[in-house]
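**Student:** The sequence isn't on hand, but the structure is:
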Ligand code: MEV
């Protein structure tokens, strides 16, 4: 039975592992060895990773792959992708190649406004809070003068703040709704620092405001935090070609376009399908968000809430045929940065930025949106033609072989055998056993 621990964060990595082994790993020497074997050889580099979070024991690897041949606004990119899912990079590469031959991807940033709120309780008269807010607004703005100086030099900073009366939804609930430009930073720290200054200043000013004193009703800050719902920080990516250019092996362009557009309409109509449909796009989006050291939970939260912005969860992508032309596009909110956070700290993220030719935040938004569109294209294309399992299981074959600890020779023979055979777990096991006997 494990016992509680105190002062855990003060222990060295080796001590933490020893504690874990004694309490939860039954002194499993193999597990201890694995944990330590993932330490970086270079102590300085390991220290860097140790410091990213609290209580680091070791590192957790995910593969970083490259999907080449992405033509975006006439510029050729190779996309660094970090993912655990075997078919994602292959699917992205296929989609990139497909569209490379058909004019590539177009992408444009629509807007870059982020937001955050100071959430307030106030049980007095709305008119009094409004008058107070109007009076102290310049003081609130002044309170972040130092904080936003550098951001302003880079063209960012506070855009505006308004008092929102949300008492219809929740008694006594008001918000200071603030909008920001954060340039090449994702901006979470900047926004949260500004919001906390507003909150402190607001409460301080309230203590000496006559109308509040007279009624003995003061506004009280509940919390101050940015919102990951960023419907005004959006990017659009698209592809277009003649319907006839969509012709593939066993399917005419017209038939493919009809099936493809129908699949999108289904995702737009049925939330159950939309969630999986969008998950396919997120396969492409998250992989680059992670490779560039950005906050994938923020992106996930923002994108899915955007997909439900009209009250019903729906597809992030859309498609249509107009005359003889096929159009396919995605529009998503993306709060990502090319400075700040881990973006310039994680050595792999730095390499990823180099591969991407040092994009600014807007360029990165475009690249990520394109990756999402490409991934969704690849998934829907497979689903409406061959089915997804053929490609998926082909890619999964190597995972099965590794589970079976197959040798290089066994791998080679199995891959060759399954070139024209359906891959299933049991078929692979049978084949490898046959080889071994
Ligand atoms: C699997 O990771 C993603 C798909 O399920 C997406 C989709 O169904 O569109 C294949």
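**Tutor:** Right, received. Where do you want to start? Just so you know, these numbers come straight off a predicted model, no measurement behind them.
**Student:** Just give the closest residue to whichever residue of the stretch 201-350 of the chain sits closest to the ligand, not the sequence neighbours.
**Tutor:** Among all residues of the stretch 201-350 of the chain, residue 280 sits closest to the ligand, at 2.7 Å; criterion: Cβ to the nearest ligand atom. Backbone N, C-alpha and C define where each C-beta goes, glycine included. Taking Cβ to Cβ, 6 or more residues apart in numbering, and ignoring the residues beside it in sequence, residue 280 has residue 379 as its nearest neighbour in space, at 3.7 Å.
**Student:** Give me the phi and psi angles of that neighbour.
**Tutor:** Dihedral angles of residue 379 (phi, psi; degrees, to the nearest 10) stand at phi -70, psi -50.
**Student:** quick one: contacts for it?
**Tutor:** Taking Cβ atoms under 8 Å, 6 or more residues apart in numbering as the contact definition, residue 379 lies against 91, 277, 280, 283, 388.
**Student:** Residue 392 too?
**Tutor:** Residue 392 sits next to 86, 87 when contact means Cβ under 8 Å, 6+ apart.
**Student:** From the ligand, how far off is it?
**Tutor:** Residue 392 sits 7 Å away from the ligand when distances are taken as Cβ to the nearest ligand atom, to the nearest Å.
**Student:** what does residue 70 give?
**Tutor:** Look at residue 70 and the ligand: by Cβ to the nearest ligand atom, they are 19 Å apart.
**Student:** That residue - how many residues pack around it?
**Tutor:** 23 (other Cβ atoms under 10 Å).
**Student:** Tell me the secondary structure at it.
**Tutor:** Here residue 70 takes the strand state, with states given by DSSP: H, G, I helix; E, B strand; the rest coil.
**Student:** quick revisit: out of the contacts of residue 379, list just those in helices.
**Tutor:** Mapping the contacts of residue 379 onto helices (DSSP state H) picks out 91, 277, 280, 283, 388.
**Student:** What is the burial count for the fourth one?
**Tutor:** When you say that, I think you mean residue 283. 24.
**Student:** pretty sure it is in contact with residue 83, am I right?
**Tutor:** Yes: using Cβ atoms under 8 Å, residue 283 is in contact with residue 83, at 6.8 Å.
**Student:** returning to that earlier point: point out the least confident one among the ones in helices among the contacts of residue 379.
**Tutor:** pLDDT across those is at its lowest for residue 388, which sits at 78.
**Student:** Give me the neighbour count for the closest residue to residue 295 other than its chain neighbours.
**Tutor:** Closest residue in space to residue 295, ignoring its immediate chain neighbours: residue 186 at 6.4 Å, by Cβ to Cβ, 6+ apart. Look at residue 186: counted by other Cβ under 10 Å, it has 25 neighbours.
**Student:** pLDDT at residue 186, what is it?
**Tutor:** With respect to pLDDT, residue 186 scores 96.
**Student:** do you know how far it is from the ligand?
**Tutor:** Look at residue 186 and the ligand: by Cβ to the nearest ligand atom, they are 25 Å apart.
**Student:** quick one: that residue from residue 404, how far?
**Tutor:** With the distance defined as Cβ to Cβ, to the nearest Å, residue 186 ends up 42 Å from residue 404.
**Student:** tell me the helices in the stretch 301-437 of the chain, going along the chain?
**Tutor:** Per DSSP state H, counting those that start in this stretch, the stretch 301-437 of the chain carries helices over the ranges 347-355, 361-384, 388-403, 408-417, 425-436.
**Student:** Name the residues of the stretch 151-300 of the chain found near the ligand, please.
**Tutor:** Residues of the stretch 151-300 of the chain lying near the ligand by Cβ under 6 Å from any ligand atom: 276, 277, 279, 280, 283.
**Student:** Please identify the buried residues of the one helix or strand in the chain whose mean pLDDT sits lowest?
**Tutor:** Using mean pLDDT, DSSP states H and E, helix 388-403 stands out as the lowest-scoring helix or strand of the chain, at a mean of 84. Buried residues in helix 388-403, counting neighbours by 16 or more other Cβ atoms under 10 Å, are found at 388, 391, 392, 393, 394, 395, 396, 397, 400, 401.
**Student:** Pipe these into JSON lines and attach distance to residue 12 per row.
**Tutor:** Rendered in JSON lines, the data for the buried residues of helix 388-403 read as follows (distance: Cβ to Cβ, whole Å):
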{"residue": "388", "distance to residue 12": "47"}
{"residue": "391", "distance to residue 12": "46"}
{"residue": "392", "distance to residue 12": "43"}
{"residue": "393", "distance to residue 12": "44"}
{"residue": "394", "distance to residue 12": "45"}
{"residue": "395", "distance to residue 12": "40"}
{"residue": "396", "distance to residue 12": "39"}
{"residue": "397", "distance to residue 12": "41"}
{"residue": "400", "distance to residue 12": "39"}
{"residue": "401", "distance to residue 12": "38"}
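**Student:** between those, which is closest to the ligand?
**Tutor:** Proximity of the buried residues of helix 388-403 to the ligand was ranked by Cβ to the nearest ligand atom; the top entry is residue 388 with 4.9 Å.
**Student:** okay but the closest one is in contact with residue 382, surely?
**Tutor:** Yes: contact criterion Cβ under 8 Å: residue 388 and residue 382 qualify, at 4.9 Å.
**Student:** Write a PyMOL command that selects only the buried members of the residues of the stretch 151-300 of the chain next to the ligand.
**Tutor:** Here the buried members of those are turned into a PyMOL selection, burial being counted by 16+ other Cβ under 10 Å:
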select buried, resi 277+280+283
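**Student:** residue boundaries of the strands in the protein?
**Tutor:** Secondary structure of the chain (DSSP state E): strands at 64-72, 75-82, 106-109, 114-121, 157-165, 173-181, 220-226, 234-242, 317-322, 325-333.
**Student:** Would you mind getting the angle between the fourth one and strand 220-226?
**Tutor:** The one in question is strand 114-121. Angle of strand 114-121 versus strand 220-226, following axes from the mean of the first three to the mean of the last three Cα atoms, to 10 degrees, is 170 degrees.
**Student:** Quick check: residue 309 touching residue 230?
**Tutor:** No: in this structure residue 309 lies outside contact range of residue 230 using Cβ under 8 Å: 11.2 Å.
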